[in-house]
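Asker: fold the following, please.
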Amino acid sequence: MSPKDALPPLPEPLRGEVADSHTHLDMQDGTVEEALTKAAAVGVTTVVQVGCDVKGSRWAAETAAAHENVHAAVALHPNEAPRIVLGDPDGWSRQGARTGGGDGALDDALTEIDRLASLPYVRGVGETGLDYFRTGPEGMAAQERSFRAHIEIAKRHGKALVIHDREAHEDVLRVLDEEGAPERTVFHCYSGDAAMAEICGRKGYYMSFAGNVTFKNAQPLRDALAVAPLELVLVETDAPFLTPAPYRGRPNAPYLIPLTVRAMAAVRGIEEDVLATALAANTARAFDY
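Answerer: Okay, the predicted model is just below:
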């Protein structure tokens with residue numbers, strides 16, 4: 001195993017308990033039990049397991065049903081919707097290469113997400129939204145139709161909406177305005193600037209910050225965190241991605257949340273314990289657990 005593949009060491013435990021508001025345990029090495037035990041050892045006692053496709057969403061719901069401290073979110077990722085409709089000849093996703101099934105296939109997938117969203121262990125609908133980084137103009141119609149459908153599903157079932165917004169800030173905010181955002185809306189891996197954070201704050205949208213808030217080049221993110229209302233701030237890993245400094249590029253996992261919490265507390269100019277208490281309360285409120 002190269003050093004780049006090695007898991008970072010356990011950080012110093014937090015003095016309070018917090019939740020990882022967005023993780024992908026199904027993409028991480030080791031068992032769910034191992035991941036949860038390591039996380040709990042440093043004060044990360046709850047995780048929200050997020051689905052990105054039908055199979056992953058079923059797995060999230062099953063995992064949440066089996067573990068008291070795991071809550072599920074279910075959805076078709078913004079890049080999954082166009083692949084279902086148009087196909088994925090290059091096999092970008094975990095399903096490998098596939099042909100397009102058209103709008104009917106997207107309807108079928110959304111029907112299954114709707115069914116999963118009704119389950120009691122499922123606390124969120126997501127990650128959904130818009131991604132203009134990976135999906136080109138040909139896929140935008142499917143992506144937006146899927147996003148609007150997920151908003152409706154979240155509202156009908158009274159679940160949180162978990163948003164993936166990559167290089168699409170204006171259109172994500174526009175669609176939320178047009179459809180009417182659910183009562184609890186979370187911008188996962190918040191990537192906007194301070195001006196957008198002020199808009200989200202006014203609208204009552206939660207902003208979840210990931211390990212990239214610790215990166216040297218992420219000053220705009222830190223500026224956003226500095227102005228976001230504290231009662232709307234969450235923390236996440238998005239593991240196995242976005243490992244916080246000083247371990248950027250190595251595998252991420254929920255047990256590394258303390259590194260991000262400490263960096264966030266420094267940006268806010270508050271004690272780690274004060275931030276941890278707020279984060280725990282905010283995540284429980286956002287996901288209604």
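Asker: can you give me the strands for the stretch 1-150 of the chain?
Answerer: Using DSSP state E, counting those that start in this stretch, the strands of the stretch 1-150 of the chain run over 18-23, 44-50, 70-74, 87-88, 98-99, 122-131.
Asker: quick one: low-confidence ranges for the stretch 101-250 of the chain?
Answerer: Residues of the stretch 101-250 of the chain meeting the criterion pLDDT under 70: none.
Asker: now the helices for it?
Answerer: 102-117, 140-157, 169-179, 194-203, 219-227 (DSSP state H, counting those that start in this stretch).
Asker: right, and those - which one's nearest Asp20?
Answerer: In terms of CB to CB, the element of the helices of the stretch 101-250 of the chain nearest to Asp20 is helix 219-227, at 17.0 Å. C-beta coordinates here come from the backbone N, C-alpha and C atoms, glycine included.
Asker: number of residues surrounding the nearest residue to Cys189 once chain neighbours are set aside?
Answerer: In space, and not counting its chain neighbours, Cys189 is closest to Ala210: 4.5 Å by CB to CB, 6 or more residues apart in numbering. Neighbour count for Ala210, taken as other CB atoms under 10 Å: 28.
Asker: who's in contact with stretch 258-268?
Answerer: Applying CB atoms under 8 Å, 6 or more residues apart in numbering, the contact partners of stretch 258-268 are 11-14, 18, 42-44, 209-211, 213-214, 222, 225-226, 230, 233, 235, 237, 244-245, 247, 271-272, 274-276, 279.
Asker: tell me the buried residues in it?
Answerer: Pro258, Leu259, Thr260, Val261, Arg262, Ala263, Met264, Ala265, Val267, Arg268 (16 or more other CB atoms under 10 Å).
Asker: with stretch 91-110 instead?
Answerer: Across stretch 91-110, burial judged by 16+ other CB under 10 Å covers Ser93, Gly100, Gly101, Ala105, Leu106, Ala109, Leu110.
Asker: and stretch 69-82, by the same measure?
Answerer: Buried residues in stretch 69-82 (16+ other CB under 10 Å): 70-82.
Asker: start to end distance for that stretch?
Answerer: With CA to CA, to the nearest Å as the measure, stretch 69-82 spans 33 Å from end to end.
Asker: returning to that earlier point: settle this for me: the residue nearest to Cys189 is touching Thr243, isn't it.
Answerer: No - in this structure, Ala210 is not within contact of Thr243 by CB atoms under 8 Å, at 9.5 Å.
Asker: many thanks, we can stop here.
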